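Participant: Requesting a structural model of the entry that follows:
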Amino acid sequence: MATTLIYVHDPMCSWCYGFGPALAGLVAGLPPGVRYRRLLGGLAPDTDAPMPEDLRTRLQDTWRRIQGRIPGTEFNFDFWTRCSPRRSTYPACRAVIAARAQDPDLDGAMTSAIQRAYYRKARNPSDRDTLIALAGEIGADREAFAAALDAPATQAALAAEIAECRALGVSSFPSLVLDRDGSRWPIPVDYRDPQAMLAVIGVL
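Facilitator: Predicted coordinates for the structure are as follows:
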């Protein structure tokens, strides 16, 4: 019996960032034989347009809500004055795919690097130069990464993952789906207690 826990996320999703510690506990506690797979959902498509002021305000309010709901979550609000925000997360998603192409272990490393840059260091992961710099910082080959970042095959891979997420019925991030021989169950996300999620998985 093949069992896989599928984690659907976007590297620039603030709730996914807040979920990080609980996710780590969940993955560490998975029963033997349960595989773990990360899947990119693609929150916001490519755009060069500046983020509207009302959306900037809403996202900053979201950051504050996350801080209240998930104690210990850090945000650097200097991002909103130091950077030129755009509602564009596809570049960051493609960056994860480009890093993963070099080494599967760089999937999580690139995601974490994007989150640290965005939420803690006030750097903009919607910018290509930021993503290439982050790839170098995690030990990826920068030239190969830069080429892969813009490659049609990378965008095709992202489109395929987004389509798979939709086929899973996932419409929000983060989401968890347990696949057991093709039968699928959504796992309620608990931002503070990995054991609650492991208990659900244990009875399915």
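Participant: contacts and neighbour counts: CA atoms only from here.
Facilitator: OK.
Participant: Poorly predicted segments of the chain, please.
Facilitator: Per-residue confidence for the chain (pLDDT under 70) gives these ranges: 1.
Participant: quick one: the strands in it?
Facilitator: Assigned by DSSP state E, the strands in the chain fall at 3-9, 34-40, 175-180, 183-187.
Participant: Spell out the residue ranges of the helices in this structure.
Facilitator: With DSSP state H, the ranges of helices along the chain come out as 14-28, 53-69, 79-82, 90-102, 106-115, 128-137, 142-149, 152-167, 194-203.
Participant: Now render the ones you listed as a markdown table, adding distance to Ile187 and mean neighbour count.
Facilitator: A markdown table is the format used below for the helices of the chain (distance: least, CA to CA, whole Å; neighbours: other CA atoms under 10 Å):
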| stretch | distance to Ile187 | mean neighbour count |
| --- | --- | --- |
| helix 14-28 | 11 | 18 |
| helix 53-69 | 19 | 14 |
| helix 79-82 | 33 | 14 |
| helix 90-102 | 23 | 25 |
| helix 106-115 | 21 | 21 |
| helix 128-137 | 31 | 18 |
| helix 142-149 | 32 | 18 |
| helix 152-167 | 14 | 16 |
| helix 194-203 | 7 | 15 |
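Participant: Would you reformat the ones you listed as CSV and include distance to Ser183?
Facilitator: Shown next, in CSV, are those (distance: least, CA to CA, whole Å):
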stretch, distance to Ser183
helix 14-28, 20
helix 53-69, 32
helix 79-82, 42
helix 90-102, 26
helix 106-115, 26
helix 128-137, 36
helix 142-149, 34
helix 152-167, 13
helix 194-203, 13
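Participant: Perfect, I'm done here.
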